[in-house]
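> below are the sequence and a predicted model for it; my questions follow.
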Amino acid sequence: MTTSPKPVDATADAWHVLRNRTFDEIAIGDSASLERTFSSQDIHMFALQSGDVDPERAVSSSVRDTTEAACANVLISAVLSTRLPGPGTRYVSQNLCFLGAVRPGDRLTVQMQVTGKDTANHHVTLACTCTNQEGVAVFQGQVEVVAPTERIERTRTVLPEIHPDAQGRTGLQSLLAHVAHLQPIRVAVAHPCDAPSLSAALEARHAGLIEPVLVGPRARLEAVAAEAGLDLADVAIVDAPHSHAAAQQAVALAATGEVEALMKGSLHTDELMSALVSAAAGLRTKRRVSHCFLLQTPAYPRPFIVTDAAINIAPNLEQKADIIRNAIELAQVIGVREPKVAILAAVETVSPTMAATLDAAALCKMADRGQITGGLLDGPLAFDNAVSIAAARIKGIVSEVAGQADILVVPDLESGNMLAKQLIFMGGAASAGIVLGAKVPVILTSRADSRDTRIASCAIALMLAHHYRLSPP
């Protein structure tokens with residue numbers, strides 16, 4: 001029995017293999033093009049390469065000068081090295097005229113066409129033009145190269161992702177460096193009766209962030225420490241018979257000012273939060289208590305907040321207003337002067353059949369009337385429009401918030417919790433969790449959280465506690 005050979009997938013082959021065009025194969029009029037969406041991350045990278053000390057400024061404004069030139073060089077080099085003439089091409093010179101600014105989210109198309117050949121030295125001249133998604137010319141000019149004379153084929157390389165950080169530090173390292181000048185705060189750790197929660201408190205102490213006061217059954221705490229090889233010498237312990245009592249005593253320590261923050265141990269979140277919001281505890285403020293995830297993912301150029309994904313199950317309009325106020329306060333404490341707040345829904349238009357879109361519209365009007373201050377609000381926005389300028393532009397959304405959100409306000413706890421955990425477990429996001437709206441910050445972490453998440457959450461609480469000394473909630 002014989003079988004016919006499988007047909008060759010020319011498209012797949014072209015994608016995986018780079019082939020050049022030799023000088024003899026190139027004709028006057030031959031052309032090639034490439035399309036690329038210019039992202040905020042590109043701006044960060046170009047700004048860092050050019051020595052720009054404030055890449056954040058470039059993200060929020062038109063890109064000119066050195067970063068625009070870098071954009072042009074990248075696009076032209078990509079066409080020359082991969083398409084026309086391809087591998088083996090050598091640059092000789094270029095002469096470009098810049099006609100318009102490049103903005104984050106612009107979809108740029110560079111077109112190159114052969115206009116001249118010199119057989120004496122194998123030089124090829126190409127005219128180049130770059131336009132944005134509106135057909136407006138960004139730059140134009142000509143490039144001269146030496147075209148290869150021999151065939152070159154090679155497998156297309158999959159490049160690693162590059163995520164710019166001016167100091168080459170991780171998010172946690174940057175956060176710890178930011179709070180290094182702050183004195184540690186006393187924190188009541190409620191019922192840290194397992195190795196992860198107990199070790200997190202002690203590691204935060206070692207990092208100079210907190211002075212833990214362990215609240216729980218002394219014998220059980222000592223047994224956990226012994227089994228995990230942890231040293232409780234010089235660590236304050238308040239003996240409490242069980243988790244419920246530990247939550248109440250930890251809250252009492254905060255109410256009397258003996259500690260400046262609370263930290264969840266191995267007890268259930270409901271136990272600690274019930275003790276916190278009790279009218280008898282004395283820790284409530286005029287605001288609704290809410291939770292914020294502070295996240296940093298390789299796919300987004302700066303940290304951002306997702307709220308509320310842990311406490312308020314189905315918040316109403318008034319409660320969402322407080323959730324936003326709390327998140328704005330956190331953003332300002334970590335250094336975002338006027339955070340951009342995206343109120344999320346499944347669509348970006350107001351629909352009477354979708355409550356989340358109605359709430360979003362009302363919240364934006366509340367901000368217009370001064371009922372919510374300190375941030376720029378827009379909504380409803382679908383998730384893609386909130387974090388991608390390109391997506392927002394394609395849909396015709398004109399907004400100072402779209403594509404650049406610092407705060408993502410979710411419709412309810414379920415959607416927020418799924419969003420945050422997808423970003424953490426599948427998107428590689430670093431995270432921290434904190435509760436605001438009470439008189440003290442609450443470090444609310446999950447048993448599944450990493451060591452870095454717990455340490456980062458303590459660093460956020462440290463900043464908030466020092467802020468509360470000057471501006472009590």
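Good, I have the coordinates.

> Phe23 reaches Ala147, doesn't it?
Yes: with contact defined as Cβ atoms under 8 Å, Phe23 reaches Ala147; the gap is 4.1 Å. For the C-beta atoms, the positions are set from N, CA and C on the backbone; glycine is no exception.

> who has more neighbours, those two?
When Phe23 is set against Ala147 and neighbours are counted by other Cβ atoms under 10 Å, the residue ahead is Ala147, at 26 against 19.

> surely the more buried one is in contact with Val124?
Yes: under the criterion of Cβ under 8 Å, Ala147 makes contact with Val124 at 4.6 Å.

> overlap of the contact sets of the two?
Phe23, Ile26, Pro85 (Cβ atoms under 8 Å, 6 or more residues apart in numbering).

> tell me the pLDDT at the nearest residue to Arg288 once chain neighbours are set aside?
Distances taken as Cβ to Cβ, 6 or more residues apart in numbering put Asp322 closest to Arg288, at 3.7 Å, once the chain neighbours are dropped. With respect to pLDDT, Asp322 has a value of 97.

> and Asp322, that one's in a helix?
Yes: checked against DSSP: H, G, I helix; E, B strand; the rest coil, Asp322 lies within a helix.

> what separation do you get for it and Leu408?
Going from Asp322 to Leu408 by Cβ to Cβ, to the nearest Å gives 16 Å.

> the two: who's more crowded?
Per other Cβ under 10 Å, whichever of Asp322 and Leu408 has more neighbours is Leu408, with 25 against 21.

> all helices of the stretch 251-400 of the chain, in order?
Taking DSSP state H, counting those that start in this stretch to define them, one finds helices in the stretch 251-400 of the chain at 269-277, 317-333, 355-368, 383-387, 389-394.

> so which elements touch the second one?
Contacting helix 317-333 under the criterion 3 or more Cβ pairs under 8 Å, 6 or more residues apart in numbering; DSSP states H and E are the following elements: strand 290-296, strand 304-307, strand 340-344, helix 355-368, strand 407-409, strand 430-436, helix 451-470.

> now the fourth one: how far from the chain's centre is it?
This means helix 355-368. Offset of helix 355-368 from its chain centre (Cα atoms, centre = their mean, to the nearest Å): 24 Å.

> give me the angle between that helix and strand 340-344.
Using axes from the mean of the first three to the mean of the last three Cα atoms, to 10 degrees, the inter-axis angle of helix 355-368 relative to strand 340-344 is 150 degrees.

> go through helix 355-368 and flag the buried ones.
Ala356, Thr357, Leu358, Asp359, Ala360, Ala361, Ala362, Leu363, Cys364, Met366, Ala367 (16 or more other Cβ atoms under 10 Å).

> is it true that the second one touches Ala345?
Yes: the pair Thr357 / Ala345 is scored as a contact, 4.8 Å apart, by Cβ under 8 Å.

> what residues are shared contacts of these two?
With Cβ under 8 Å, 6+ apart, Thr357 and Ala345 have common neighbours Gly379, Pro380.

> and Ala219, which of the three is it?
Classification of Ala219 using three-state DSSP returns helix.

> pLDDT score for Arg325?
pLDDT, Arg325: 97.

> can you list the domain ranges for this protein.
Domain ranges of the chain: 10-148, 286-437, per automatic domain parsing.

> which one of those domains lies closest to Ala190?
Distance to Ala190, taken as Cβ to Cβ, is lowest for domain 286-437 among those, at 12.5 Å.

> what's the span of the closest one from first residue to last?
One end of domain 286-437 sits 8 Å from the other (Cα to Cα, to the nearest Å).

> kindly report the same for stretch 376-392.
One end of stretch 376-392 to the other measures 17 Å (Cα to Cα).

> quick check: mean pLDDT of it?
The average of the pLDDT scores along stretch 376-392 is 91.

> flag every buried residue along that stretch.
376-383, 385-392.

> just stretch 238-258 next, same as before
Buried residues in stretch 238-258, counted by 16+ other Cβ under 10 Å: 238, 240, 243-255.

> of the residues you listed, which is the nearest to Glu211?
Among the buried residues of stretch 238-258, Leu253 lies closest to Glu211 (Cβ to Cβ), at 12.2 Å.

> isn't the closest one right up against Pro212?
No: with contact defined as Cβ under 8 Å, Leu253 does not reach Pro212; the gap is 11.5 Å.

> what is the burial count for Ala430?
Count around Ala430 with other Cβ under 10 Å applied: 21.

> that one pairs with what?
Beta bridges link Ala430 to Gln296, judged by DSSP bridges.

> looking at it, it is touching Leu295, isn't it?
Yes: contact criterion Cβ under 8 Å: Ala430 and Leu295 qualify, at 7.1 Å.

> ok, and the closest non-adjacent residue to Arg218?
The shortest distance from Arg218 to any non-neighbouring residue, by Cβ to Cβ, 6+ apart, is to Asp239 (4.5 Å).

> contacting residues for that neighbour?
Listed by Cβ under 8 Å, 6+ apart, the contact partners of Asp239 are Gly216, Pro217, Arg218.

> look up phi and psi at it.
Here is the backbone geometry of Asp239 (degrees, to the nearest 10): phi -70, psi 130.

> relative to Leu464, how far out is it?
Separation of Asp239 from Leu464 (Cβ to Cβ) stands at 28 Å.

> now Ser266
For Ser266, the distance to Leu464 (Cβ to Cβ) stands at 23 Å.

> neighbour-wise, which of these two wins?
Remark: of Ser266 and Leu464, Leu464 carries more neighbours, 25 against 20, as counted by other Cβ under 10 Å.

> what's around the nearest residue to that one once chain neighbours are set aside, how many residues?
Sequence neighbours aside, Pro441 is the residue nearest to Leu464 in space, at 4.1 Å (criterion: Cβ to Cβ, 6+ apart). Neighbour count of Pro441, defined by other Cβ under 10 Å: 30.

> got it, and Pro298?
Pro298, neighbours per other Cβ under 10 Å, totals 14.

> now swap in Gln319 and tell me
Gln319 has 18 neighbouring residues, counting by other Cβ under 10 Å.

> contacting residues around it?
Going by Cβ under 8 Å, 6+ apart, Gln319 touches Arg288, Ser290, Asn312.

> now do the same contact list for the first one.
The neighbours of Arg288, taking Cβ under 8 Å, 6+ apart as the test, are Asn312, Pro315, Glu318, Gln319, Asp322, Ile323, Asn326, Gly437.
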